[in-house]
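1. Attaching a predicted model along with its sequence, questions to come.
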Amino acid sequence: MTDPTRGVLYPERLPRFTRLAAEGAASDLVEWFWIPEWDLPDGVVSRQPILGYPAANLAIEPDGVTLWGATTRASERELRGSGWAVGALLRPAAYARLHDAPSDLVDAHIVLDEPELQHAVSAAMPDLDAARVTASAWLVERIGAPTSDGRLANAMADLLMNDSGILRLDDAAERLRVSVRTLQRLAHRTVGLPPAAMIRRRRLQEAAQRVREDPDVPLADVAAELGYADQAHLANDFRTVLGFTATDYRAAR
């Protein structure tokens with residue numbers, strides 16, 4: 001499974017945070033489950049900036065169930081008091097069955113009327129494994145086995161989100177043995193984002209993690225390692241999505 005801090009801009013600020021792999025039939029539907037738990041003193045606010053994956057999330061919380069679409073920018077959540085969430089990073093095969101127009105849900109969310117799911121997961125908490133099993137069972141029953149199109153979409157997401165060697169759409173299309181146009185259409189109807197945007201998000205996550213973990217590495221080296229044209233291109237990507245440059249991120253840390 002991918003490093004649990006990838007996409008988390010300030011992991012030291014996290015409350016208790018667990019990522020659990022999906023198992024069995026749910027592994028075709030969920031990349032992994034993420035479960036934060038927090039219990040903060042009165043008046044304390046924990047701000048969690050996240051550079052999300054180019055994917056949708058199903059979030060089950062004490063007050064309801066929400067389907068979050070893919071994002072084009074970083075997001076931030078403020079944590080107060082005590083609470084928890086059981087989230088599922090959805091694979092495209094699952095997302096396309098939960099929402100018929102993923103592109104309409106980019107940078108947006110909808111509340112799902114699923115009280116039985118919410119009550120069942122609430123009853124399972126704080127047993128994290130039981131919560132995962134409960135959420136998995138609901139997804140498998142609700143969605144069923146992926147279609148052939150869904151499996152191709154899953155393979156596309158795996159490649160674009162996890163293979164650092166994929167820098168161009170032509171490379172991804174060749175690996176998947178489809179045309180670039182087919183790849184673009186598939187991403188549109190199952191993720192909501194262009195495949196090029198998925199590649200850019202993976203590179204930016206990798207860049208942020210590299211800067212965070214090695215404060216002495218020259219930013220020009222980071223840019224070259226990850227396929228950016230130059231350091232200015234890296235800085236522009238940071239600024240466009242995060243609102244600050246890699247230099248600002250390093251200084252803030």
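-> Received it, and whenever you're ready, just let me know what you need.
2. distance from the centroid: which residue in the protein tops it?
-> D42 (30.1 Å; CA atoms, centre = their mean).
3. Against G81, how distant is that residue?
-> 8 Å (CB to CB, to the nearest Å). From N, CA and C alone the C-beta is placed, and that goes for glycine too.
4. coming back round to it: quickly note the distance from the residue farthest from the centre of the chain to E61.
-> Computed with CB to CB, the distance linking D42 and E61 is 21 Å.
5. again, but for A74
-> According to CB to CB, A74 stands 21 Å off from E61.
6. A229: what's it in contact with?
-> A223 (CB atoms under 8 Å, 6 or more residues apart in numbering).
7. do that again at 7 Å, thanks
-> Listed by CB atoms under 7 Å, 6 or more residues apart in numbering, A229 has no contact partners.
8. How about L204?
-> 51, 237, 241.
9. Dump the residues you listed to TSV, plus neighbour count and secondary structure.
-> Output for those, formatted as TSV (neighbours: other CB atoms under 10 Å; DSSP: H, G, I helix; E, B strand; the rest coil):
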residue	neighbour count	secondary structure
L51	21	coil
D237	20	helix
V241	19	helix
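10. Now render those residues as JSON lines, adding pLDDT and distance to A120.
-> Below are these laid out as JSON lines (pLDDT from 0 to 100; distance: CB to CB, whole Å):
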{"residue": "L51", "pLDDT": "91", "distance to A120": "31"}
{"residue": "D237", "pLDDT": "91", "distance to A120": "41"}
{"residue": "V241", "pLDDT": "91", "distance to A120": "36"}
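11. possible to save the residues you listed as CSV with distance to A220?
-> CSV is the format used below for the contacts of L204 (distance: CB to CB, whole Å):
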residue, distance to A220
L51, 21
D237, 14
V241, 20
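12. Name the nearest of the residues you listed relative to A25.
-> In terms of CB to CB, no member of those lies closer to A25 than L51, at 29.8 Å.
13. any idea how far L9 is from that closest one?
-> Counting by CB to CB, the separation of L51 from L9 is 6 Å.
14. shared neighbours of the two, which are they?
-> The contact sets of L51 and L9 overlap at A208 (CB under 7 Å, 6+ apart).
15. what's the longest helix in this protein?
-> For the chain, the helix with the greatest residue count under DSSP state H is helix 195-213.
16. thought L159 was touching A172?
-> Yes: counting by CB atoms under 7 Å, L159 does reach A172; the two are 5.6 Å apart.
17. joint contacts of those two?
-> Among the neighbours of L159, those also in contact with A172 (CB under 7 Å, 6+ apart) are I166.
18. Strands of the stretch 51-200 of the chain, start to end?
-> Here the stretch 51-200 of the chain has its strands, by DSSP state E, counting those that start in this stretch, at 57-61, 64-68, 75-79, 82-84, 86-90, 109-112.
19. sorry, back to before: measure how far the longest helix of the chain is from the centre of its chain, please.
-> 12 Å (CA atoms, centre = their mean, to the nearest Å).
20. can you check stretch 30-37 too?
-> Here stretch 30-37 is found 10 Å from its chain centre; the criterion is CA atoms, centre = their mean.
21. got it, and stretch 177-185?
-> 22 Å.
22. mind listing what's buried in that stretch?
-> Under the neighbour-count criterion of 16 or more other CB atoms under 10 Å, stretch 177-185 has 178, 183-184 buried.
23. Sort out for me which of these are in helices.
-> Using DSSP H, these in helices are 183-184.
24. Closest one of the buried residues of stretch 177-185 to T66?
-> Nearest to T66 among the buried residues of stretch 177-185, with distances taken as CB to CB, is Q184, at 27.9 Å.
25. thinking that closest one is in contact with P194, fair?
-> Yes: between Q184 and P194 there is a contact at 6.3 Å, judged by CB under 7 Å.
26. Quick check: neighbours of the lengthiest strand in the chain in the sheet, parallel or antiparallel?
-> Looking across the chain with DSSP state E, the single longest strand is strand 30-39. Applying DSSP bridges to the sheet, strand 30-39 is found paired with strand 16-21 (antiparallel), strand 82-84 (antiparallel), strand 86-90 (antiparallel).
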